[in-house]
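In: Below is the sequence, then the predicted model.
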Amino acid sequence: MPKRQAMAGRAQPIGADHGSPRLVLTLLLVLAACGGRYEFEPYAYGGYDAAPPVFGTPGQDIGHGSDSGGDTSTSQMSDGAGKDAAGSGASDGKSDGGAGDAIAGAPDGLGEASGDGSGVCDHSKECSVDSDCPKTACNKASCKAGCCALVAVADGTTCNDSNSCTTGDTCKAGSCTGKIKDCSDPHACTDDSCDAKTGKCANKPAAGWCFIGDTCFQDTEANQENPCQICDAGKSQTAFSLGAGCCVADSDCPSGGPCDVPTCDKASSTCSMGKAPGCCTSDQECSDGNQCTLDSCDVATGKCSYQAIACSSPNQCQDGVCDPATGQCNAQTKGGWCMIDGGCYAEGDANPGNTCKICSSLTSQTSWTVMAGGICNDGNTCTFGDTCNQGGACAGTPKSGCCLADSDCLQSGDPCAPMHCDLNIGSCVPAPVPGCCTAGTCCDAGSLAIKAAGSTCGSGPLSTTYQCNGQQVQKRETWAGCNGQSPDGCSTSAGAQVVGAWQTIKTCAANTVCTLASSAAEPTCKSTQPTGSCANSCGGKSVSGSCYCDAICTSAGDCCADFLALCGCTSGECCNVAQSYPKTAGTACGKAVTEYSCSAKTLKSRTGQPSCDGKNVCVTSGAAVVWSSWTTVKTCSSTQNCAVGVGGTSGSCTAVPAGTCNGRCGGQGDGGCWCDSVCKELGDCCGDFDTKNCSKYQTCGQTATGSCNGKCGSQGAGATCWCDTACDTFGDCCSDKVICGCQ
């Protein structure tokens with residue numbers, strides 16, 4: 001389990017329960033197994049505080065007697081027939097029955113007192129000398145009266161508990177214990193354990209974790225240097241697994257449709273689908289360039305099919321034919337037919353409007369063919385001998401005194417009654433134009449037309465009416481009206497009069513009010529300007545008079561005379577034009593702006609909404625902009641630098657140029673890269689810019705006095721400053737270190 005969890009559940013060392021009731025019971029059971037019961041008095045050796053007992057042979061009581069005065073006599077063994085020895089209760093009436101001298105509680109359980117007074121030791125516990133008795137790490141066995149007795153060694157005695165995962169093993173109360181070995185490591189994702197047999201530590205990744213390259217990765221966490229490598233604890237806890245949608249070979253990529261060829265881009269570890277030659281995935285891929293076929297793709301098989309478009313015949317003289325270039329069904333005229341002006345005509349049919357033209361399909365199927373020299377009738381009574389000419393017109397020889405066209409007539413000069421040739425009689429006659437006029441109060445001479453009913457007429461308005469509409473001075477005129485029938489139909493009657501719309505002729509200025517004396521007289525703008533100035537009073541009442549300088553003074557008519565100059569406005573995105581006052585600070589204005597920033601390899605952006613500052617200015621930067629939260633745009637790879645343009649207006653991942661910043665902080669690196677204060681912004685920092693701490697040392701170092709003249713690469717002259725490659729890092733370069741080229 002991970003080391004952050006408690007080491008609960010580890011086994012207790014051998015002998016850890018040496019003081020428990022279970023051990024006492026075990027010792028008593030061992031004593032019972034000795035084959036007899038031994039009575040004894042406690043004595044000092046081995047934890048007993050009376051003189052050692054005298055052991056007899058099996059079957060004999062071992063005891064001693066004492067009188068009421070406390071005198072003790074030497075115990076004597078009986079003859080086995082149950083006779084009491086001297087000092088027994090039978091001799092003096094003070095017998096203790098031997099019960100107080102039983103060895104029933106020997107520490108090792110090797111001795112036991114029999115209830116019938118016999119002293120018997122189990123064969124396995126019998127002894128002659130101490131060496132006959134078994135030994136343990138923390139107990140010594142001694143031979144007492146032919147039986148082994150177990151006594152604990154002194155606490156703190158060195159021992160071995162046979163557990164390789166403990167150290168400093170010592171005895172305590174007859175048990176051998178040691179300190180558990182610490183197998184924890186500094187990694188939060190490993191389960192730390194010890195092998196009790198070998199004593200070796202094991203640090204394995206915990207469930208749901210991977211431990212790769214001395215780094216912990218949580219399950220599904222990606223390698224920052226390669227997003228396609230992830231920790232999949234179910235597959236491997238010691239090596240990266242392939243992420244979803246990623247690949248290292250074509251076989252890792254999912255199969256697609258019948259036309260798809262899975263391909264792995266090994267540079268980016270991403271899959272793409274190539275297309276099998278000759279396969280289709282959409283109808284657009286099946287185009288044969290012929291618009292007269294319906295091209296389709298069977299996506300299940302990847303094969304194209306082409307169906308010809310059928311065109312119907314539009315009429316009796318044409319067939320429908322498809323144009324391959326456009327796919328349109330065009331009409332194609334059949335042989336022996338003409339299609340002229342939208343009509344079908346059979347071979348030889350005459351033009352209904354001109355008998356001099358006929359359908360001749362061999363000459364043209366779309367236009368009439370002139371029948372030159374044919375007999376016709378031009379319908380003009382002023383001609384005779386009518387024939388078809390080369391132009392397809394029917395013309396005859398003019399009769400004397402007849403007109404043939406309007407051009408033959410002499411015009412009178414009246415545009416409303418031009419002279420017209422009447423072909424029925426062959427004479428010129430006037431032809432009045434309906435609604436045409438050249439003069440009159442209701443005649444529009446420019447268009448030669450009578451004005452419509454309700455149009456104004458006359459030399460001027462019949463009357464003028466005035467009104468005040470807020471600050472606007474307005475007037476409305478009443479005119480005589482035309483009847484729409486005659487160029488002279490201008491009438492002043494009540495039903496014919498035309499009343500015009502109200503027109504604003506002027507607007508009263510601020511601090512004035514429109515005042516109407518009567519509807520027949522033009523209103524005047526009377527001043528309502530209160531006294532005072534807006535100096536130091538914008539947003540409230542003037543501190544020097546009764547006028548106001550706030551957002552409602554224009555509508556209330558109580559603005560100070562210098563309101564617009566000092567507090568108001570008349571235009572601008574942040575101006576409330578209706579109130580002539582700047583909009584409230586924080587009002588959104590302008591277009592949203594985007595700002596970029598770099599955090600190590602991560603390019604981030606946020607959007608902001610500019611706002612008004614309350615003084616008619618739209619602020620596009622600083623605290624007045626309401627910014628959104630930063631979001632990640634992309635993460636640059638290990639071979640790229642994150643770069644942000646001037647002012648944070650742009651951002652990108654740029655390739656890391658070759659070279660190193662070693663000893664080059666503040667200038668150009670050893671190669672094409674840079675180590676100065678603007679390389680982060682330009683994206684051309686050396687790969688080790690951050691690890692060399694160049695961001696802290698942006699110049700060649702000017703923190704110590706002295707000179708590098710003739711001392712490049714060593715300590716400077718006359719001071720404690722330096723001119724070597726390490727002085728930038730330590731910040732102790734001489735002030736003229738630049739003569740060494742920042743090396």
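Out: Nice, thanks for sending it over. In this text, all values refer to a predicted model and were calculated from it rather than measured experimentally. Numbering: from 1, shown residues only.

In: helix/strand/coil for Lys680?
Out: Under DSSP: H, G, I helix; E, B strand; the rest coil, the three-state class of Lys680 is helix.

In: and it, what is it in contact with?
Out: Cys598, Asn641, Cys642, Ala643, Val644, Phe689, Ser695 (Cβ atoms under 8 Å, 6 or more residues apart in numbering). Every residue, glycine included, has its C-beta placed from N, CA and C.

In: From Val429, how far out is it?
Out: Counting by Cβ to Cβ, to the nearest Å, the gap from Lys680 to Val429 is 98 Å.

In: Could you do Val625 as well?
Out: In terms of Cβ to Cβ, Val625 sits 84 Å off from Val429.

In: Next up, the contacts around Ser412.
Out: Pro418, Met419, Pro430.

In: Now with 10 Å, please.
Out: When contacts are counted by Cβ atoms under 10 Å, 6 or more residues apart in numbering, Ser412 touches Pro418, Met419, Cys428, Pro430.

In: returning to what we had before: filter the contacts of Lys680 to the buried ones?
Out: Cys598, Asn641, Cys642, Ala643, Val644, Phe689 (16 or more other Cβ atoms under 10 Å).

In: Can you name the two of these that sit furthest apart?
Out: Within the buried ones among the contacts of Lys680, two members stand farthest from each other by Cβ to Cβ: Val644 and Phe689, at 14.8 Å.

In: that older thread, out of Val625 and Val429, which sits in the more crowded spot?
Out: Val625 (18 against 12; other Cβ atoms under 10 Å).

In: ok, for that one, nearest residue in space, not its chain neighbours?
Out: Nearest in space to Val625, with sequence neighbours left out and distances taken as Cβ to Cβ, 6 or more residues apart in numbering, is Gly608 at 3.9 Å.

In: and that neighbour, how many neighbours does it have?
Out: Applying other Cβ under 10 Å, I find that Gly608 has 17 neighbouring residues.

In: That one - that's part of a helix, no?
Out: No - judged by three-state DSSP, Gly608 forms no part of a helix; its state is strand.

In: That one pairs with what?
Out: Note on Gly608: beta-bridge partners by DSSP bridges are Val593, Trp627.

In: That one against Trp630, yeah?
Out: No - Gly608 is not in contact with Trp630 according to Cβ atoms under 10 Å; the separation is 11.4 Å.

In: Now do the shared contacts for those two.
Out: In terms of Cβ under 10 Å, 6+ apart, Gly608 and Trp630 are both contacted by the residues Glu595.

In: ok, Cys279 to Cys344 distance?
Out: Cys279 is 49 Å from Cys344, where distance means Cβ to Cβ.

In: What of Thr387?
Out: 28 Å.

In: Go ahead and report the secondary structure state at the residue lying closest to Thr383 once chain neighbours are set aside.
Out: Nearest residue to Thr383, sequence neighbours excluded (Cβ to Cβ, 6+ apart): Gly396, at 3.0 Å. With three-state DSSP as the basis, Gly396 sits in strand.

In: Enumerate every residue touching Gly396.
Out: Here Gly396 is in contact with 376-387, 404 (criterion: Cβ under 10 Å, 6+ apart).

In: Can you tell me which of those residues are buried?
Out: Using 16+ other Cβ under 10 Å, the buried members of these are Cys376, Asp378, Asn380, Cys382, Thr383, Asp386, Thr387, Leu404.

In: isn't Ser367 right up against Cys338?
Out: Yes - in this structure, Ser367 is within contact of Cys338 by Cβ under 10 Å, at 8.1 Å.

In: who's more crowded, the two?
Out: Taking neighbours as other Cβ under 10 Å, Ser367 and Cys338 compare with Cys338 leading, 26 against 14.

In: Strands along the stretch 301-450 of the chain, start to end?
Out: 303-308, 318-322, 329-333, 337-340, 343-346, 350-351, 354-360, 364-370, 383-388, 394-398, 419-422, 427-430, 443-444, 449-450 (DSSP state E, counting those that start in this stretch).

In: Name every strand pairing with the first one and say which way it goes.
Out: Just to be clear, that refers to strand 303-308. strand 293-298 (antiparallel).

In: Flag every buried residue along the partner strand.
Out: Thr293, Asp295, Cys297.

In: Does the second one touch Asp288 like I think?
Out: Yes - between Asp295 and Asp288 a contact is recorded at 6.1 Å, counting by Cβ under 10 Å.

In: Check the contact lists of those two and give me the overlap.
Out: Common neighbours of Asp295 and Asp288, counting by Cβ under 10 Å, 6+ apart, are Cys304, Tyr306.

In: Now the longest strand seen in the chain: average pLDDT?
Out: Counting by DSSP state E, the longest strand found in the chain is strand 472-482. Across strand 472-482, the average pLDDT comes to 94.

In: Pull that strand out as CSV, backbone CA atoms only.
Out: This file holds the C-alpha atoms of strand 472-482, laid out as CSV (Å, rounded to 0.1, in the frame of the first residue of the first chain):
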residue,chain,number,x,y,z
GLN,A,472,-38.9,71.5,-32.2
VAL,A,473,-40.6,74.4,-34.0
GLN,A,474,-42.9,73.0,-36.7
LYS,A,475,-45.3,74.3,-39.4
ARG,A,476,-48.0,72.9,-41.6
GLU,A,477,-49.3,74.5,-44.9
THR,A,478,-52.7,74.2,-46.6
TRP,A,479,-52.8,74.5,-50.4
ALA,A,480,-55.4,74.5,-53.2
GLY,A,481,-55.7,71.0,-54.8
CYS,A,482,-55.9,69.6,-58.4
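
In: helices and strands around that strand, which ones?
Out: Packing partners of strand 472-482 (3 or more Cβ pairs under 10 Å, 6 or more residues apart in numbering; DSSP states H and E): strand 456-457, strand 463-469, strand 490-491, strand 498-499, strand 503-507, strand 512-515.

In: List the buried residues for stretch 325-341?
Out: Buried residues in stretch 325-341 (16+ other Cβ under 10 Å): Cys329, Thr333, Lys334, Trp337, Cys338, Met339, Ile340.

In: so how far is that stretch from its chain's centroid?
Out: Centre-to-centre, stretch 325-341 and its host chain are 61 Å apart (Cα atoms, centre = their mean, to the nearest Å).

In: can you check stretch 544-551 too?
Out: In terms of Cα atoms, centre = their mean, the centre of stretch 544-551 is set 51 Å apart from its chain centre.

In: Need the contact partners of it.
Out: 511, 528-543, 553-554, 556-563, 566-568, 576, 578-584.

In: repeat that for 6 Å
Out: Residues outside stretch 544-551 that contact it (Cβ atoms under 6 Å, 6 or more residues apart in numbering) are 530-534, 537-541, 558, 560, 563, 567, 579, 581.

In: swap in stretch 560-574?
Out: Stretch 560-574 is touched from outside by 529, 532-534, 538, 542, 547, 549, 575, 580-583, 589, 612, 616, 618, with contacts defined as Cβ under 6 Å, 6+ apart.

In: Show me those residues that map onto helices.
Out: Nothing among these maps onto helices, per DSSP state H.

In: Among these, the buried ones, what's the PyMOL command?
Out: To isolate the buried ones among those in PyMOL, judged by 16+ other Cβ under 10 Å, type:
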select buried, resi 532+533+534+538+542+547+549+575+580+581+582+583+589+612+616+618
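
In: Mind checking which of the contacts of stretch 560-574 are in strands?
Out: Cys575, Tyr581, Pro582, Cys612, Cys618.

In: what's the most distant pair in the residues you listed?
Out: Tyr581 and Cys618 (15.6 Å).

In: how many neighbours does Pro635 have?
Out: That one is not Pro; residue 635 is Thr. 18.

In: tell me which residues form a beta bridge with it?
Out: Counting by DSSP bridges, Thr635 is bridged to Thr602.
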